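Colleague: Got a sequence here, can you model it:
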Amino acid sequence: MKKFDVVIIGSGPGGQSAAFQAAKLKKRVAVIEKQPYIGGAGLHTGTLPSKTLREAALFLAGFKQRAIFGFQLAIGREVTLQELMHRKMDVIKKQMEVIIDQFNRNSIEIIYGEASFTDEHRLAVKGATGSEELYGDIIIVATGTRPFRPKEVPFDENHIYDTDTILKIDNIPVTLAIIGGGVIGCEYACIFASLGVRVTLVEKKSRLLPFADEEIVNNLCYWMRHSGITLRLNEEVVKITVEGQGRVITTLKSGKQIASEKLLYTMGRIGNTDMLNLATIGLNPDNRGSLKVNENYQTAIPHIYAIGDVIGFPALASTSMEQGRRAVCNAFHREQITCEIVSHLPFGIYTIPEISMVGETEEELTKKGILYEVGCALFQEVAKGQIIGDTHGMLKLLFHREDRRLLGVHIIGERATELIHIGQAVMGFGGTIDYFKDIVFNYPTLSDAYKVAALNGLNRL
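Modeller: The predicted model follows:
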């Protein structure tokens, strides 16, 4: 039986970060991966493939050029998603080579196989060539999640897909129904619409992305409708069937029916904990397979930690990496970490146009009774916005009326997920809106929108 200081189950972003941190502390580390390749869903079925598809769609559909030159490109129906993502495997291969090289340089052992607990310190790993047992002083569960597939939805991988299998779709459909208006549903709706697909997006809530700023979301909805997406809000699905000629019929509680060539179901994910034999050690995941942890990422068993998507919100690759680092530091008492990850957590939503945010929304500030003011800048007011043809983008600053402290930043438009980090840094240091008034930005840049928004907000005072 092999013995390790740290055994990590899962090689996604969180597992990688935890492994590297433990190696830096001179610990003997093993990473268990049930797939025959490392990287987790983020590298193989989630973040990287979907963002690669988005970039391919933007390029091939001429999205960025249309506003400047006034033309459109037609995408042939015979084009497959695999052809659109011809660079995907190359990118994945290079990323895997980087990760494996980092594991080797840090003397981290990779063990391929499916892990299950035999007691609180021991794991049985069943691989393709046999089984072995590992002992870990510290064990970190970083197994991630998979798409939720309710029994009443007839997934068949030919007409009805989840967010993993959609990447294997054989052709670009004429029509597509998407069930679920969360982040993934909105992203895929925009991607397929940019390829000329007639998309219908069904969401049971009264608005999309309820955690985001309402004005920004309303702006997104306008552009989604402008690109041909039909939004069915406040609608609940009661039945999904596939007719004889392969047409998918989605029946809503209101009585409406949606006919589509394909359907994508994006209603949540479930934790990959059912194969771990957690009952043996007395750990009980919730009904979605998630594990409960404390502020140090410890489960009910102090030396067993859990990080990443398997512990629920915010379930982002970026936060998973930081959780992995913090879990190891907490386990070996090597670093006193006081600030919460979620205090200044940036969100990136890769719709078209993309959205990003950090800090509080207007709705949250109003509910808390905080006196705030708003500063806005439209990208059409910024020279770089005109140069790149993004005249619909907007940057919005929320700040305290009395001490002018920056409370929130909300952006929609080109490079929103990059621009947000400027506001995040200022918030992290407790900065005020006056910083943007006094600082000099390169010109012309989209970053200059911060100065325009700051001046707009200060004028309101």
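Colleague: other SSEs contacting the biggest strand by length in the chain?
Modeller: Longest among the strand segments of the chain by residue count, using DSSP state E, is strand 130-141. The helices and strands touching strand 130-141, judged by 3 or more Cβ pairs under 8 Å, 6 or more residues apart in numbering; DSSP states H and E, are strand 2-9, helix 13-24, strand 29-33, strand 122-127, strand 304-306, helix 317-331. To be clear about C-beta, it is placed using only N, CA and C from the backbone, and glycine gets the same treatment.
Colleague: contacting residues around the helix or strand following the longest one?
Modeller: Toward the C-terminus, helix 317-331 is succeeded by strand 347-349 as the next helix or strand (DSSP states H and E). Strand 347-349 has contacts (Cβ atoms under 8 Å, 6 or more residues apart in numbering) with 183, 186-187, 209, 211-212, 314, 316, 354-358, 416-417, 420.
Colleague: Go again with 6 Å.
Modeller: Strand 347-349 is contacted from outside by Val183, Ile355, Ser356, Met357, Thr417, using Cβ atoms under 6 Å, 6 or more residues apart in numbering.
Colleague: List the strands paired with it, with their directions.
Modeller: Each strand paired with strand 347-349, and its direction, by DSSP bridges: strand 355-359 (antiparallel).
Colleague: Find the residue at the geometric middle of the protein.
Modeller: Centrality entry for the chain: nearest residue to the mean C-alpha point is Leu316, 5.0 Å, by Cα atoms, centre = their mean.
Colleague: which residues does it contact?
Modeller: Leu316 neighbours (Cβ under 6 Å, 6+ apart): none.
Colleague: Tell me how many other residues crowd Ser107.
Modeller: 11 (other Cβ atoms under 10 Å).
Colleague: Ok, Glu243 next?
Modeller: 10.
Colleague: excluding its backbone neighbours, what's nearest Ser17?
Modeller: Counting by Cβ to Cβ, 6 or more residues apart in numbering, Ser17 lies nearest to Gly324, which is 3.6 Å off, once chain neighbours are set aside.
Colleague: er, Thr251 actually
Modeller: Nearest to Thr251 is Lys239, by Cβ to Cβ, 6+ apart, at 4.2 Å.
Colleague: Next one: Ile439 relative to Ser447, how far apart?
Modeller: 9 Å (Cβ to Cβ, to the nearest Å).
Colleague: Mind checking which of the two has more residues around it?
Modeller: Using other Cβ under 10 Å, the more surrounded residue of Ile439 and Ser447 is Ser447, with 19 against 13.
Colleague: Doesn't the more buried one lie inside a helix?
Modeller: Yes - under DSSP: H, G, I helix; E, B strand; the rest coil, Ser447 sits within a helix.
Colleague: residues in contact with it?
Modeller: Phe441.
Colleague: pLDDT score assigned to it?
Modeller: Note on Ser447: pLDDT of 97.
Colleague: re the thing from before, the residue nearest to Thr251: neighbour count?
Modeller: When counting by other Cβ under 10 Å, one arrives at 12 neighbours for Lys239.
Colleague: and it, helix, strand or coil?
Modeller: Going by three-state DSSP: Lys239 is strand.
Colleague: Make sure it is actually in contact with Ile249.
Modeller: No - contact criterion Cβ atoms under 6 Å: Lys239 and Ile249 do not qualify, at 8.0 Å.
Colleague: What lies in contact with stretch 17-24?
Modeller: Contacts of stretch 17-24 with the rest of the structure, by Cβ under 6 Å, 6+ apart, involve Val6, Ile8, Val29, Val31, Asn106, Ile108, Ile140, Met321, Gly324, Arg325, Ala327, Val328.
Colleague: Out of those, which comes closest to Val91?
Modeller: The nearest member of those to Val91, counting by Cβ to Cβ, is Met321 at 18.5 Å.
Colleague: Once you drop chain neighbours, what's closest to the closest one?
Modeller: Met321's closest residue in space is Ser17 (Cβ to Cβ, 6+ apart), at 4.0 Å.
Colleague: Quick one, grab the pLDDT at that neighbour.
Modeller: Looking at Ser17, the pLDDT reads 96.
Colleague: just the one 10 residues further on next, same as before
Modeller: The model reports Lys27 with a pLDDT of 97.
Colleague: Same question for Ile68.
Modeller: 50.
Colleague: And the closest residue to Asn442 other than its chain neighbours, how far from Glu373?
Modeller: Nearest residue to Asn442, sequence neighbours excluded (Cβ to Cβ, 6+ apart): Asp448, at 7.8 Å. With distances taken as Cβ to Cβ, Asp448 is found 20 Å from Glu373.
Colleague: quick one: buried residues of the longest strand of the chain?
Modeller: Leu134, Tyr135, Gly136, Ile138, Ile139, Ile140, Val141 (16 or more other Cβ atoms under 10 Å).
Colleague: Break the protein down into its domains, please.
Modeller: The chain breaks down by automatic domain parsing into domains covering 2-147+270-341, 160-267, 353-460.
Colleague: got these as JSON lines, with distance to Val153 columns?
Modeller: Converted to JSON lines, those look like this (distance: least, Cβ to Cβ, whole Å):
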{"stretch": "domain 2-147+270-341", "distance to Val153": "11"}
{"stretch": "domain 160-267", "distance to Val153": "6"}
{"stretch": "domain 353-460", "distance to Val153": "28"}
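Colleague: Run through who's touching stretch 376-394.
Modeller: Residues contacting stretch 376-394 (Cβ under 6 Å, 6+ apart): 67-68, 395-396, 412-414, 444-446, 448-449, 452-453, 456.
Colleague: If you could redo that for stretch 448-458, that was the one I meant.
Modeller: Stretch 448-458 has contacts (Cβ under 6 Å, 6+ apart) with Glu373, Gly375, Cys376, Ala377, Glu381, Val382, Leu395, Leu397, Ile433, Phe436, Lys437, Phe441.
Colleague: in that stretch, what counts as buried?
Modeller: Quick answer for stretch 448-458 (16+ other Cβ under 10 Å): Asp448, Ala449, Tyr450, Lys451, Val452, Ala453, Ala454, Asn456, Gly457, Leu458.
Colleague: Tell me the gap between that stretch and the middle of its chain.
Modeller: Offset of stretch 448-458 from its chain centre (Cα atoms, centre = their mean, to the nearest Å): 29 Å.
Colleague: CA atoms of it as PDB?
Modeller: Taking Å, rounded to 0.1, in the frame of the first residue of the first chain, the C-alpha atoms of stretch 448-458 are listed here in PDB:
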ATOM      1  CA  ASP A 448     -10.900  54.300 -20.800                       C
ATOM      2  CA  ALA A 449     -14.600  53.500 -20.100                       C
ATOM      3  CA  TYR A 450     -13.700  53.400 -16.400                       C
ATOM      4  CA  LYS A 451     -12.800  57.100 -16.500                       C
ATOM      5  CA  VAL A 452     -15.900  58.100 -18.500                       C
ATOM      6  CA  ALA A 453     -18.100  56.100 -16.100                       C
ATOM      7  CA  ALA A 454     -16.400  57.700 -13.100                       C
ATOM      8  CA  LEU A 455     -16.900  61.200 -14.400                       C
ATOM      9  CA  ASN A 456     -20.500  60.400 -15.200                       C
ATOM     10  CA  GLY A 457     -21.100  59.100 -11.600                       C
ATOM     11  CA  LEU A 458     -19.400  62.100 -10.000                       C
END
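Colleague: Where is the longest helix in this protein?
Modeller: The longest helix of the chain (DSSP state H) is helix 88-105.
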